[in-house]
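# How does the following fold in three dimensions:
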Amino acid sequence: MPSEHAPDGANRAAITICVILATLMQSLDGTIANVALPYIQGSVSASQDEIAWVLTSYLVAAAIMTPATGYLAGRFG
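Coordinates of the predicted model:
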């Protein structure tokens, strides 16, 4: 069984940068989805209820993949 040790300075900085970038991308994607909804609604002539499913689907997919990503990272490194 390998011994556990704290990441050194370079690994800690890389982990911090990756977490910051992932959080930034998640926020950016949510913002893009919200901004694009009126344009999508106009181009496909969808009602407000129909177009709300686009954002709902995006949020559900993000909620499902967040713990799955953590599991995969723990499993495969």
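# Which of the helices or strands spans Ala52?
Here Ala52 is covered by helix 48-76, with elements defined by DSSP states H and E.
# and that helix, how far out from the chain's middle?
On the basis of C-alpha atoms, centre = their mean, to the nearest Å, helix 48-76 sits 7 Å off its chain's mean C-alpha point.
# And stretch 33-44, by the same measure?
On C-alpha atoms, centre = their mean, the centre of stretch 33-44 falls 20 Å from the chain's centre.
# give me the low-pLDDT residue ranges for the chain?
The chain contains residues with pLDDT under 70 at 1-7.
# Longest helix in it, please.
As assigned by DSSP state H, the longest helix anywhere in the chain is helix 9-44.
# Give me the helices and strands touching that one, please.
Under the contact criterion of 3 or more C-beta pairs under 8 Å, 6 or more residues apart in numbering; DSSP states H and E, helix 9-44 touches helix 48-76. (C-beta placed from N, C-alpha, C; glycine too.)
# So which residue is smack in the middle of the chain?
Geometric centre of the chain, nearest residue: Gln26, 4.1 Å, by C-alpha atoms, centre = their mean.
# For Asn11, see how far away that residue is.
23 Å (C-beta to C-beta, to the nearest Å).
# can you check Trp53 too?
The value you get for Trp53 to Asn11, if C-beta to C-beta is used, is 41 Å.
# what's the answer for Ile64, then?
Counting by C-beta to C-beta, the gap from Ile64 to Asn11 is 29 Å.
# circling back: check contacts around the closest residue to the residue nearest to the centre of the chain other than its chain neighbours.
Distances taken as C-beta to C-beta, 6 or more residues apart in numbering put Ala62 closest to Gln26, at 6.9 Å, once the chain neighbours are dropped. Residues near Ala62 by C-beta atoms under 8 Å, 6 or more residues apart in numbering: Gln26, Asp29, Gly30.
# how about these in a markdown table, adding distance to Thr69?
A markdown table is the format used below for the contacts of Ala62 (distance: C-beta to C-beta, whole Å):
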| residue | distance to Thr69 |
| --- | --- |
| Gln26 | 11 |
| Asp29 | 14 |
| Gly30 | 16 |
